[in-house]
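**Q** A structural model of the following input is requested.
(one chain, ligands or ions: 1)
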Amino acid sequence: MATAAVIPAAGAGARLGRGMPKALVCLNGEPLLVHAVRGTLASSVVDEVVVVAPEAHLDQVRALLSDHRRDSDSDRAVSVVAGGPDRVDSVRAGLAVLDPTIRFVLVHDAARCLAPGAVFRRVHQALAGGAQAVIPVLPLVDTVKFVEPVTAAPDGADDLESAIQGTVVGTPSRSGLRIVQTPQGFDRELLQRAHRDAAAAGISATDDAMLVERLGVPVATVAGDERSMKITSRKDLAIAELLLSSPS
Ligand code: C5P
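**A** Below is the predicted model:
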């Protein structure tokens, strides 16, 4: 059954502070996006890749990807379309150009450019086995808390205002919490319906699974991988360099 990967890569990358879209920042001499596309194709479960790039960099991204494609990849289509202001808009733009034969979609952030092929295969296997939505996850090592941010300091408490950020209002049990990664896999029609529905309701989301959860469809989990970390800051870039140079 035909499977596509949609790779949102249209973020500005402001937190990385390199003055260019994050997907074009280099890791070991190659842009994050090139690593991400190469890893996606190398997983061997994807027949088509749609890269969603910043509108102002479309030609640059097309040229980059055609330069870096190996002969063995040439039977698989890689197309590039323009993204939108939010990640959900970018994913939606990618979904809009999928080939009609596509049955499964893996949505994979360019910023998680070192995700191992084994994770793609686990997600794909769960879809092929009948799951409609699948996400890779990792256990949490830190305790997390719900915090209500401080809005106004009490009279005469200027010092307090500068130090105290909020008040703890609850502590969820860590055993039931997971860190969520990509690629996230979906039945193609379900994901398109979830995006249409969310757009009609004016709802945004930080991942695609959230939109499917809204429809009451179960989302299955498989094991993620530390190498699927999202590169957001300079420190993440340094960690990714280390991961690239260490044996997997
Ligand atoms: O901003 P964040 O790190 O959460 O972005 C996750 C992924 O979504 C990145 O690969 C980024 O390029 C992409 N993105 C996008 N369009 C946007 C914002 C983010 O394709 N408008």
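**Q** Off-centre distance for the top helix by length along the chain?
**A** Criterion DSSP state H: the longest helix present in the chain is helix 188-201. What separates the centre of helix 188-201 from the centre of its chain is 17 Å, taken as CA atoms, centre = their mean, to the nearest Å.
**Q** cool, and stretch 223-236?
**A** Averaged C-alpha coordinates place stretch 223-236 at 11 Å from its chain's average position (CA atoms, centre = their mean).
**Q** avg pLDDT for that stretch?
**A** Mean pLDDT, stretch 223-236: 96.
**Q** Enumerate the residues of this protein near the ligand.
**A** The chain comes close to the ligand at residues 8-11, 22-23, 52, 83-87, 90, 109-111, 230, 232, as judged by CB under 6 Å from any ligand atom. In this view, the C-beta of every residue, glycine as well, is placed from N, C-alpha and C.
**Q** Selection in ChimeraX covering whichever of the residues you listed are buried, please.
**A** In ChimeraX, a selection of the buried entries from the residues of the chain next to the ligand looks like this (16 or more other CB atoms under 10 Å):
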select :8,9,10,11,22,23,52,83,87,90,109,110,111,230
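**Q** can you tell me which of the residues of the chain next to the ligand are in helices?
**A** Reading helices off the residues of the chain next to the ligand with DSSP H, I get Arg87, Ser90.
**Q** Counting only strands, which of the residues of the chain next to the ligand make the cut?
**A** Secondary structure from DSSP state E places Pro8, Val52 of these in strands.
**Q** And for Pro116, the neighbour number?
**A** 17 (other CB atoms under 10 Å).
**Q** Let the chain start at 37 from now.
**A** Sure, I'll start counting at 37 from here, so that last one is Pro152.
**Q** Would you mind measuring from it to Pro219?
**A** For Pro152, the distance to Pro219 equals 11 Å [CB to CB, to the nearest Å].
**Q** Counting neighbours, which bits of the longest helix of the chain end up buried?
**A** Arg224, Leu226, Leu227, Gln228, Arg229, Ala230, His231, Ala234.
**Q** same question, stretch 124-133
**A** Val124, Asp125, Ser126, Val127, Arg128, Ala129, Gly130, Leu131.
**Q** pretty sure the last one is touching Arg229, no?
**A** No - in this structure Leu131 lies outside contact range of Arg229 using CB atoms under 8 Å: 10.5 Å.
**Q** re the thing from before, rebuild the buried residues of stretch 124-133 as JSON lines, extending it with distance to Val97 and pLDDT.
**A** Converted to JSON lines, the buried residues of stretch 124-133 look like this (distance: CB to CB, whole Å; pLDDT from 0 to 100):
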{"residue": "Val124", "distance to Val97": "20", "pLDDT": "97"}
{"residue": "Asp125", "distance to Val97": "17", "pLDDT": "97"}
{"residue": "Ser126", "distance to Val97": "13", "pLDDT": "97"}
{"residue": "Val127", "distance to Val97": "16", "pLDDT": "98"}
{"residue": "Arg128", "distance to Val97": "18", "pLDDT": "98"}
{"residue": "Ala129", "distance to Val97": "13", "pLDDT": "98"}
{"residue": "Gly130", "distance to Val97": "13", "pLDDT": "98"}
{"residue": "Leu131", "distance to Val97": "18", "pLDDT": "98"}
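**Q** Let me know the closest of these to the ligand.
**A** Ser126 (3.3 Å; CB to the nearest ligand atom).
**Q** ok, for the residue most central in space within the chain, nearest residue in space, not its chain neighbours?
**A** Centroid check for the chain by CA atoms, centre = their mean gives Asp145 as the closest residue, at 3.0 Å. What sits nearest to Asp145 in space, not counting adjacent residues and going by CB to CB, 6 or more residues apart in numbering, is Thr218, at 4.8 Å.
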